[in-house]
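Undergrad: Let me see the structure of the following:
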Amino acid sequence: MTKIGEEYLEELSIIKASKHKQNIMKVLADENVKIPSEIGHVLDLKTNHISANLKDLKRMNIVKCLNEEKKKGRLYCITNKGMDLVEFL
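TA: Down below sits the predicted model:
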């Protein structure tokens, strides 16, 4: 395991406090691109919980929405920053 950079400490503490955020990141790290309902199905969580957590993760530049203009079927992937942080979960 590598040492975490100072710039990631705040995000890591927020993620560590939320099992849902951790699990969403792990799903995206393992399975690449997914829509919120697919993530919800894998984690057995309602889509609204997934969407709220994805919004937080997106704000921290940990996940990225690939088709922001869509209302349904938004595709999410994990960013390089997110992949770096998954290593510490």
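Undergrad: that's a strand at residue 77, yeah?
TA: Yes - counting by DSSP: H, G, I helix; E, B strand; the rest coil, residue 77 is located in a strand.
Undergrad: out of everything not next to it in sequence, what's closest to it?
TA: Spatially, and ignoring its direct neighbours in sequence, residue 77 is nearest to residue 33 (4.9 Å; Cβ to Cβ, 6 or more residues apart in numbering). To be clear about C-beta, it is placed using only N, CA and C from the backbone, and glycine gets the same treatment.
Undergrad: same deal with residue 29?
TA: Using Cβ to Cβ, 6+ apart, the closest residue to residue 29 is residue 86 (4.6 Å).
Undergrad: Surely the one you found is in contact with residue 26?
TA: Yes - between residue 86 and residue 26 a contact is recorded at 6.4 Å, counting by Cβ atoms under 8 Å.
Undergrad: can you give me the helices for this structure?
TA: Listed in chain order, the helices of the chain (DSSP state H) span residues 9-16, 19-31, 36-43, 47-59, 80-86.
Undergrad: Residues contacting the second one, please?
TA: Judged by Cβ atoms under 8 Å, 6 or more residues apart in numbering, the contacts made with helix 19-31 from elsewhere in the structure are 14-16, 34, 39, 42-43, 45, 49-50, 53-54, 56-57, 62-63, 76-78, 82-83, 85-86, 89.
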